[in-house]
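Undergrad: Sharing a sequence plus its predicted fold:
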Amino acid sequence: MISDIFLTIITMAFALMVVFSKKTVVAAFALLMTLLSIAMIYFQLGTVFLSAIQVLVNAGAVAILFVFVMMLINLEQFQNNREKGKAKLIISSVTVLVILGVFALIINNNIEVLTSNNIADNSMKALFEKLFNVYYLPFEMATVLLLAALVACVVITGQDKAVAKEEGAKHE
Amino acid sequence: MYENYLALIPFFPLLAFLLNSILIKNKLNNVQAGLITFMSLFISFILVVMTSIHVLNNGPVSVRLWEWMTYGNIKFDIHFIMDELSVILSLMVTGIGSAIAFFSIGYMDHEEKVGKFFGFFALFAFSMLLLVHGENFLVLFMGWEGVGLSSYLLIGFWYEHTKNGNAAKKAFLANRVGDFGLVLGIVGYALVFNTISFTDLAHPDMAIIMANKEVLIISSLLLVLGAAGKSAQIPLFIWLPDAMMGPTPVSALMHAATMVTAGIFLLCRVSNVIVNFSIVLDVIAWMGALTALLAALIAMTQRDIKKILAYSTVSQLGYMVLAVGVGAFSTGMFHVFTHAFFKALLFLCAASVIYGCHHEQDIFKMGGLKKKMPITFWTFTVGFLAIAGIPGFSGFFSKDEILTMALTNPGNGVWLYAIGLITALLTAFYMTRMLVLVFIVEPAKEDKHDHGHAKKKHDDHDDHHGHGALTAHESPGVMTIPLVLLAICSAVAGYIGLPHVLSHEHSRIFQDFVERFVAKTQGHAHLSAQTEYILMGMTTTLILASMGLAYYIYVKNDHVKMRDSLKAKFKTLWTISSEKFKVDEFYELAIIKPLYKFGGVLVDIVEAHVINGFIKVVTKVTSGSGEYLDNNKPERLEMGILYIVIGLTLVLVAIFNAFIFR
Amino acid sequence: MDQLFLVKFLIPLLWAIGFMFAPKNNEKAIKLYALIGSLVTLAYSINMFMDLPDTSVLTTLFKFDMPLFFNLSYTFAMDGLSGLLLLLNAFLMLVVVVATWEIKTDKLRLYYFLIFTLTWAVSGSLLSTSLYGFYVFWEAMLIPLFILVGVFGGENRRYASFKFFMMTAAGSILMLASMCYMSALAYKFNGSYDLNYEIIKTLGLKYDGFLSPQSLIFWSFAIAFFLKVPVFPFHSWLPEAHVEAPTAGSIILAGILLKLGIYGLLRFVIPLFPEAVDANRDIVMWLGATGIIYGALTAWVQKDIKKLVAFSSISHMGYIVMGVFSQNPFAVKGAIFQMIAHGISTPGLFIGVHYLYTRTHTKKMDMYGGIAAVMPRFSILFFIITAGSMAVPMTCGFVGEFMIIMGTYQINPVVAMVAATGIILSPIYLLKMYHLTALGEMKHEENKSLKDLSLLEATPMIVLSVLTIILGLYPKLVTAMYDGTINFFVNKG
Amino acid sequence: MENLNFVQNVLIFLGLNAVGLLALNVKNHGKYISFGATLLAALVFFGMLFSQEVFTLSELFSLEGNKILLLKIVSIMNVFMILINGYNSLEKVKNSILMSYMFMGGVFLLGANDLMTFYVALETVALVGYALVATSDLENSREAAVKYLIQGSVISGIFLLGVAFYLGATNGLTLVGATVVNQEFYAIALGIFILTACFKLGAFPFHAWIADVYSNVSRGNLATNFFISKIIIGYKFITLLQLLLLECDPHFQNILMMIVQWIAVASAFYGNIMAVVQGQFKRVIAYSSVAHTGYMLMMVCLNPDEAYEKQLIAYLVVYSLTATGIILILNQFAELNKNKDGRDILKAGFYRNKGLSVMLVIFVLSLAGIPLTSGFAMKYMLFTNFFREGFTLEASSIFISSIIGFAYYIRFVSDLFTEDESKMSLPTIKTRFSESLVHVIILVSIFTIGIAPSLFLGLK
Amino acid sequence: MSSIYYYLAGFLFTLGLLGTIFKKDLISILLCLEMMMGGVSLLIILFSRSTGVLESQLLVFFTIIISACEVAIGLSLIIALYRKKQTIYTDDIKIITE
């Protein structure tokens, strides 16, 4: 129970840091920490596999990717990046509060059901049996997705060069 | 055989119209064009005479040409009839018409577009014959509008002058106001009686009349409005004086002899119905009486020879209508008959004078024409005597009978009689004034200051001849022959309708003949012969006195001075009269201008701001809201997200609401 | 069933397509081709009418079910009324081609293409008796006219054509909505979306009050047609469209397109929604009567001759709507006659205006005056047509107006009397027009050298004038064609 | 084992695309090989669809009936899009490969029977969509792509929230035959699905991306976006929501339907009103697509029905075809104008290329719903259905909004026929064969579907 | 286990949403997106526990993959944009119409 609250507070603190930090690098770091604490929550809930994936992919790869990009871009000029529109602030705060409130109320309503643990077999084996016997299709889809994303990234970032090259070829 | 004649009667004028205006118009010279029209009318006249004799002996002839339309039992046919009523007008139209056509050959000699003139003339004759011979309302109405149209064309014959055009337009519009009533009246009659045939209406079913009293009264009043339009009665008499813008022979034929009497003709056609409604008759009677008086008053002070004659026509038409209004339809027709001759005569004389004076129309610029134009003078005198109502001439008989009938009309007889008598005296006065000023006195010398004003139209003529009256000359034979013929007719025409007291054997031949068709005069007290003699004598004396007064004022020495002093004495009356009671101005101010303004308001406000405004508002709202939305569209990235978030919130709230209030 | 029907029917369209392949620079050949086309169209229209066994009932000429289009069926049928309007349509196309023979444009092929497609669409909507088919052609009419006005029109053509298109299209959308509603109902009853008379009558659309289905459908249809006619408060597109449209557009618009609104009312609204028609009869009759006076008064104060004629159209169409909705057989008969009469006189006026415009290059009436002196032939013809327009007896204009007034009088005398004021008002503006153009003094020097009409130019006006008079004297010529159909357009009880 | 056929074909498709991808690096003729491989893959896949009536892989994936029909249409259009892209430029060929991936995502999306497959496929389509926008060679393509991506990712997160609630509501992820345990969660899940559908199709409050994307995407990419993204997502979402709404508690069902109706009507009005004031024609089309989305979304409220599905397919296909045709032609006009995207690009168009203009007029009129074009048939059918199901008020108001639509559609026509001196002097527009081919195909289909909508689509 | 993780998940989600609205540069927005996805993933795991549906953990697995791809594409786009416009501020990517 106490660990729950502790983890929650840590996660929330880092999450708030992501949003409210003025430096993007700090925000990225805070995100990394947020994701790590989520991974810890996963671990605590018994979903070990996901916890590992979370650490590996999200915390490891993605955060690094962010840092890479930040290095590519001259981040010095993009500081102090919080918006200050008052109306927007009020509107969105209200809406977000409403979302949160409704969310909380509905959850609260079903709290008995929701806090029970009904998973009989939480083992990795059972999970992977599901994955490869039933859910192989989305898994394969995910590979296609990754491939597509790869191509997309290449095309997007390489476009300028390619266009320049082709135009050059045309001129010649 | 007579049926064929009947069908052919309107055909010849139509042929003449087509020949003159369309088919061979470029190959004719003036005389040929005139001859074509004259011949067509004359042939028709012969046919009319032949048919009339048949009708006199054997009753009406009718011919049904083709079916125009049917509605239930109502048959709208092109159907001609020659009955007692049409005989008279038909004879007048073709007879007097051919005389005038003959006259016109001379009168229009020097004009341009004479072919057109004679074409329209023939068209008028054709329309008039349609009107007269129509067996039902439809054909009558066709002719009715046809004469309106040809009158419009002839009034606007010299269309180069905007004034003439306006006069023509005015005539047409006033007639159209009448037509409005006529159409509705026809419709009302047709729907009540289930027929539009005059033959049927001559013997209407009293049960129907009693059952539909209100509708019929309204319809009859509407018909009266129609008649008022065509016959130039109050409130629509204003067009007739202006109609004198046309060539004078035209005025003689249309605006004096035939066309304007169509209203009386129409009322006679439906006499058997309207005679049942005393209120309608009263309206007609008062309308006629007042018109007669008003027109006579105006005629007193006019300067234009044609205008005077025009107002006298209106006045005489008032007499006729008065006769109809007191239920003496046949008498009314009798006056139509006699009036046709003397008024045509007077107009032709005026035409002759105008021709002789090189298109000078101001009577104060004439004078002394007695010697220069003797034939014209003498024929004019005959006409003058007839219209003034001197015993022995045709006008006397008809006028006297009307007055008698008015006097004996139950209810308001005395008043109508009084008005009629005053009008008769006024008529005698202004006719004498005219006769004197035109023919007898020497031309006045001092009205040079009026010279500019005198130049009315055809300035070129005036320029050449200086003072028109000074160089006047007698008209050629082609013009004087009709004058003489008409003068004879004017003198003797009255003898076919002698009053009872004068001749027991030959009394009221005309009236009895007409009363075969029209409603008989009813409910009038019978006057003793003595009373009638007294009345006649009194009337004649008074008329002679009135003539004498006029002669005294206008012929005696210093008449100018005297006139001026009289003018000063009756200044108000004189002004009102010379300004024609400002009726034109009143209409202009009270009806036309407001209506035009209203049209302007409709265009400027209703059309522009209400109807188009509605559309503009719709457009503006659409494009305005579009602009507004476009300016506030979620262009920025975060706005798009904000919209999504708001959407999400709303969805959640809605569902949560449902969840709470389930 | 006419085997050759489709071929005949498609002739104008095929002819129009032919213009696409016409030689570009040979003006004379194109014009000749157009003339032949319009003659052929007229010929087959006459032929179709002659072949009609009985004018009093709808004779199915061609029918095909469209299993491929939601099982709708498509019927081409013809009775006296549609045949008559078909003749008018073909005749007016010929008139247009002849009257604008001297047209100077570098887009001649487009011009004729549009005219022919327009004619084709009009004849299509006249012959279709299924609602769907009617709607197809109803909409198809809009585009060619839109382009015709938009390309060949006057200065303000863009706005005018937009307005025309938008207002008519708005009406037709309302109609489409009702059609969809009825289709849906039909599907509930019959399992098919098909809409024809019998089916719509079996739908049992209830009428109780304004918000009941029948009333709403009635109004949506009625407004669609009112916008086309146009009836008084819906007319604001008409003056602008007329003023900006080229002569061909004006002639076709005034001559036949406006009548299609009335035709739609007669063919669909009155037989299909009898209770709603009965309930709203007075309203519409008053609208018609108001339109008569409104059109007349507004026409009176116009300075632009084309606008004057346009407003006079509104006035005349007021009569027709009033007659149609009086639901008196005689008035309906008169209304149909008036459609023809208006289809003769107004195109005549527009042709006259066209000749004036091509000579003086202005439409302001102040700039004319005294033209009769230099153009006598024109003046005479123009006068006859004007007389026809102001309903002088013995011209065709009188017949319809008289019948309408008489029929209406039987239903509602007050409206009839109000409407009859049109008799007084119509000469006011028409004579004003005639006086300002033909009569009066020659105020403008440049008008002295105007040429009178050539024989070619005069031909259409002569034909129209002769028709004006013949129909006025012998209206049976026309009424015989549709006499039997009247019962169809009058609700009994 | 017959289903192996499908797997084989998918593998062949992916393999050929991989070949294409690899061949890009071959010097000189790489792009031709790559183009050929991509085209071949698309063609093979298209051919495969005729081999069987039903494709079932597991309980998670099945293609049958209307889905096959839809897939046939989409895959043949995919072939055409690849053809339009052509082999002239390396970038275009790369785009073609991306399109193939998108297409594959679409196939899986269409067949998905559970949320996991659905989600992954949806994201595939979406991600490739972002990339396709970004790789268009127009001026603002990247900005538009960034906008699209961020908003799309937000929606993807929100969708996932819905998935989570769905999971809580039905104790499972399957979309077919799930039993609802918790109605509140179910309602929230459905609400979020509706929201997602609205975003993906570009309905009113979620339309922020649509105008920028439409006006900044090059031809082939946009067409693909239309065909795969719009048709498949639209079809899948709407039919899915129809099904899912059945299970809903009637009270929530009413609320949800109300939300859909409000969004539909609002979209119709918003789209039409916005389109009126747009200067650029592409934006006009974009906003008109918002309006059309409104029309389509109303279908969510109808009961699931075989016939309705066909009509939905027809509507989607017809709309997309027409809009694609218009944008293709607009691009052709824009290319030869100095002012590339401005409001005047169509001025005097008729005198510069008659065929193209006439086709544009017909396309536009089809969108406006003038009879004899497919647009009218679809409109008629759609609204008849709405009336039939008792949505009288909604259908009527949408009809009224479509009156406004005429105003901007007719602007196209009006502009084309306007004579403009400055534009008359521009050179006449020449069209490439592949483009003309596509125009003609669209034209033919517009008229075929307009006159005989049941011919191919089996509509009743 | 307590219900507090549900509120945490909701908090992360909404905070992420807020961040996407308020952050000014694209990279921060992407960060917030990641956080949002993390929150939802947590929610799914929680639901998975309570409903006993094991395979929903796989959904989280895919979610992580997808968000990674998203970030990849997003970042490459940002780079491409940066190359062109030298900015990653959302204010500067406004598309000027007309």
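TA: Received, thanks. Numbering: from 1, shown residues only, chains lettered A, B, ... in the order given.
Undergrad: what about the residue nearest the centre of chain E, helix or strand, and which?
TA: Centroid-nearest residue in chain E: residue E:33, 2.0 Å away (criterion: Cα atoms, centre = their mean). Using DSSP states H and E, residue E:33 maps to helix E:26-51.
Undergrad: What's the mean pLDDT across that helix?
TA: On average, the pLDDT along helix E:26-51 is 88.
Undergrad: Contacts only, for the residue nearest to the centre of chain E.
TA: Contact analysis of residue E:33 by Cβ atoms under 8 Å, 6 or more residues apart in numbering or on different chains lists D:150, D:153, D:154, D:157, E:16, E:20, E:67, E:70, E:71, E:74. No exception for glycine: its C-beta is placed from N, CA and C like everyone else's.
Undergrad: rerun at 7 Å
TA: Shown in contact with residue E:33 (Cβ atoms under 7 Å, 6 or more residues apart in numbering or on different chains): D:153, D:154, D:157, E:16, E:20.
Undergrad: Tell me which entries of these lie within helices.
TA: In helices, judged by DSSP state H, the following of the contacts of residue E:33 are found: D:153, D:154, D:157, E:16, E:20.
Undergrad: if I pick the second one, what's in contact with it?
TA: For residue D:154, the set of contacting residues under the criterion of Cβ under 7 Å, 6+ apart consists of B:641, B:644, E:20, E:33.
Undergrad: most surrounded residue in the residues you listed?
TA: Counting by other Cβ atoms under 10 Å in any protein chain shown, residue E:20 has the largest number of neighbours within these, with 31 neighbours.
Undergrad: one step back: right, and the pair among the ones in helices among the contacts of residue E:33 with maximum separation?
TA: Farthest-apart pair in those is D:153 and E:16; separation 10.2 Å (Cβ to Cβ).
Undergrad: coming back round to it: dump the ones in helices among the contacts of residue E:33 into TSV; add pLDDT as well.
TA: Formatted as TSV, the ones in helices among the contacts of residue E:33 follow (pLDDT from 0 to 100):
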residue	pLDDT
D:153	92
D:154	92
D:157	92
E:16	88
E:20	86
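Undergrad: how far away is residue D:432 from chain B?
TA: For residue D:432, the distance to chain B equals 34 Å [Cβ to the nearest Cβ, to the nearest Å].
Undergrad: Without its sequence neighbours, what residue ends up closest to that residue?
TA: Using Cβ to Cβ, 6 or more residues apart in numbering or on different chains and skipping residues adjacent in sequence, the residue nearest residue D:432 is residue D:86, 8.0 Å away.
Undergrad: Residue D:153 and residue E:16: which is more packed in?
TA: Applying other Cβ under 10 Å to residue D:153 and residue E:16 shows that residue D:153 carries more neighbours, namely 29 against 26.
Undergrad: Convert the C-alpha atoms of stretch C:481-493 to PDB, please.
TA: Taking Å, rounded to 0.1, in the frame of the first residue of the first chain, the C-alpha atoms of stretch C:481-493 are listed here in PDB:
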ATOM      1  CA  MET C 481     -54.900  20.100 -77.400                       C
ATOM      2  CA  TYR C 482     -55.300  19.900 -73.700                       C
ATOM      3  CA  ASP C 483     -59.000  20.100 -73.000                       C
ATOM      4  CA  GLY C 484     -59.300  16.500 -71.800                       C
ATOM      5  CA  THR C 485     -56.500  16.800 -69.400                       C
ATOM      6  CA  ILE C 486     -58.000  19.400 -67.200                       C
ATOM      7  CA  ASN C 487     -59.800  17.000 -64.900                       C
ATOM      8  CA  PHE C 488     -56.400  15.700 -64.100                       C
ATOM      9  CA  PHE C 489     -55.300  19.000 -62.800                       C
ATOM     10  CA  VAL C 490     -58.300  19.800 -60.700                       C
ATOM     11  CA  ASN C 491     -59.100  18.300 -57.400                       C
ATOM     12  CA  LYS C 492     -62.700  17.500 -56.900                       C
ATOM     13  CA  GLY C 493     -63.500  18.100 -53.300                       C
END
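Undergrad: Return the set of buried residues in it.
TA: Neighbour counts using 16 or more other Cβ atoms under 10 Å in any protein chain shown place C:481, C:482, C:483, C:485, C:486, C:488, C:489, C:490 of stretch C:481-493 among the buried residues.
Undergrad: show me the contacts for residue B:348.
TA: Residue B:348 neighbours (Cβ under 7 Å, 6+ apart): B:100, B:103, B:249, B:252, B:482, B:483, B:486.
Undergrad: ok, 8 Å please
TA: Residue B:348 sits next to B:100, B:103, B:248, B:249, B:252, B:479, B:482, B:483, B:486 when contact means Cβ under 8 Å, 6+ apart.
Undergrad: before we move on, what about residue C:126?
TA: For residue C:126, the contacting residues are C:82, C:85, C:86, C:89, C:260, C:263, by Cβ under 8 Å, 6+ apart.
Undergrad: Same question for stretch A:50-70: list its buried residues.
TA: Within stretch A:50-70, the residues that count as buried by 16+ other Cβ under 10 Å are A:50-51, A:53-55, A:57-59, A:62-63, A:65-66, A:69-70.
Undergrad: I misspoke; the intended subject was stretch C:73-92.
TA: Here stretch C:73-92 shows C:73-92 as buried, counting by 16+ other Cβ under 10 Å.
Undergrad: now do stretch B:279-296
TA: Buried, per 16+ other Cβ under 10 Å, within stretch B:279-296: B:280-296.
Undergrad: Select from these every entry located in strands.
TA: Among those, none falls in strands (DSSP state E).
Undergrad: residues from chain D in reach of chain C?
TA: Within chain D, the residues that sit near chain C (Cβ under 8 Å from any Cβ of the partner chain) are D:361, D:365, D:369-372, D:376-377, D:379-381, D:383-388, D:392, D:395-396, D:399-400, D:402-403, D:406-407, D:410, D:413-414, D:417-419, D:451-455, D:459-460.
Undergrad: tell me what the helix or strand hosting residue B:50 is packed against?
TA: Element membership for residue B:50, per DSSP H and E: helix B:30-58. Identification of packing neighbours for helix B:30-58 by 3 or more Cβ pairs under 8 Å, 6 or more residues apart in numbering or on different chains; DSSP states H and E yields helix B:2-8, helix B:11-18, strand B:61-71, strand B:74-82, helix B:84-91, helix B:97-107, helix B:114-133.
Undergrad: Which one of these lies nearest to chain D?
TA: Chain D sits nearest to strand B:61-71 of all the helices and strands packed on helix B:30-58, at 39.1 Å, using Cβ to the nearest Cβ.
Undergrad: near chain C, anything from that closest one?
TA: Yes: on the criterion Cβ under 8 Å from any Cβ, strand B:61-71 is in touch with chain C at B:66, B:67, B:68, B:69, B:71.
Undergrad: Now the buried members of the residues you listed.
TA: Using 16+ other Cβ under 10 Å, the buried ones in the residues of strand B:61-71 next to chain C are B:68, B:69, B:71.
Undergrad: rewinding a little: reformat the residues of strand B:61-71 next to chain C as TSV; add distance to chain D and pLDDT.
TA: Converted to TSV, the residues of strand B:61-71 next to chain C look like this (distance: Cβ to the nearest Cβ, whole Å; pLDDT from 0 to 100):
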residue	distance to chain D	pLDDT
B:66	45	86
B:67	43	87
B:68	42	87
B:69	39	86
B:71	40	86
